[in-house]
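# Dropping a prediction and its sequence here:
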Amino acid sequence: MELETKRLILSPWNESEAELMYQYAKDPAIGPIAGWPAHQSAEESLQIIRLFNTKDELYAIRMKPDGIPIGTIQLKLAGDSDLVSAADECELGYWLGKPYWGQGIMPEAAQELLRHAFEDCGMSRVWCGHYEGNLKSRRVMEKCGMHFRWKSEGVDVPLMHEKRDGYVFCIEKEEWESQKTK
């Protein structure tokens, strides 16, 4: 499946793009703040792409017109998320290559995935979370109309072998619908 916005195409990662993923995912400013270690090689990125390709609703974020991937965005469905237990709810997750920060790209991609979640996938609620200190991710959630729900202290971050405080945001379909009519 492919989704599109004014500036972006959201479509699956290709195995041939492992080196491109690695160029962004090796940056220690990207993964660790989101709860995963920086990639150590293009081969590791290839293995991640292969894992990604087993997941529904996971997309490379691509800039138009060249279609080169610059990040990832996903709707994590029940069973893939510790925030979601109902079949009509999902969790939004994302990361973006550092050269593209501060350009409104992630809010644009996230808004399209919210539209897709509510209109195409029949979701009633979309959750999203960030760890302490990840203010850029928090700002994306706020720009998308998500509201803070709770803080959890000492959350396990298994891929980083540590505990952190986490902040959970959510938007319900009715809230999203009322925002898009404004």
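Everything's here; your move. Everything numeric here is computed off the predicted structure, so don't read it as measured data.
# make it CA atoms for all contacts and neighbour counts henceforth
OK.
# Could you pull out the strands in the chain for me?
All strands of the chain, identified by DSSP state E, fall at 3-4, 8-11, 58-63, 69-77, 89-96, 125-131, 147-157, 162-172.
# tell me the angle of the fourth one relative to strand 125-131?
Here strand 69-77 points in a direction 120 degrees away from that of strand 125-131 (axes from the mean of the first three to the mean of the last three CA atoms, to 10 degrees).
# From the centroid of the protein, which residue is nearest?
residue 94 (1.8 Å; CA atoms, centre = their mean).
# doesn't residue 108 make contact with residue 5?
Yes. Applying CA atoms under 8 Å as the test, residue 5 and residue 108 come out as touching, 7.3 Å apart.
# Compare neighbour counts for those two and give me the winner.
residue 108 (18 against 13; other CA atoms under 10 Å).
# Would you confirm that that one contacts residue 3?
No. The criterion here is CA under 8 Å, and residue 108 misses it with residue 3 at 11.7 Å.
# can you list the weak-confidence ranges in this structure?
The model of the chain has pLDDT under 70 over residues 181-182.
# change it to 90
Along the chain, segments meeting pLDDT under 90 span 1, 52-56, 77-86, 179-182.
# residues near residue 165, how many?
When counting by other CA under 10 Å, one arrives at 15 neighbours for residue 165.
# Any idea how many residues pack against the residue nearest to it when sequence neighbours are not counted?
Of all residues beyond its chain neighbours, the one nearest residue 165 is residue 153 (4.3 Å), with distances taken as CA to CA, 6 or more residues apart in numbering. The tally of other residues near residue 153 (other CA under 10 Å) stands at 13.
# Could you do residue 102 as well?
Close neighbours of residue 102, defined as other CA under 10 Å, add up to 10.
# Do me a favour and get the backbone dihedrals for it.
Per-residue torsions, residue 102: phi 80, psi 20 (degrees, to the nearest 10).
# Against residue 64, how distant is it?
Using CA to CA, to the nearest Å, residue 102 is found at 17 Å from residue 64.
# How about residue 117?
Residue 117 sits 22 Å away from residue 64, going by CA to CA.
# Please identify which of the two sits among more neighbours.
A count of neighbours by other CA under 10 Å puts residue 117 above the other of residue 117 and residue 64, at 23 against 14.
# Identify the nearest residue to the more buried one in space, disregarding sequence-adjacent positions?
Spatial nearest neighbour of residue 117, chain neighbours left out: residue 123 (5.5 Å); criterion: CA to CA, 6+ apart.
# in terms of contact, does residue 3 touch residue 10 like I think?
Yes. Counting by CA under 8 Å, residue 3 does reach residue 10; the two are 4.9 Å apart.
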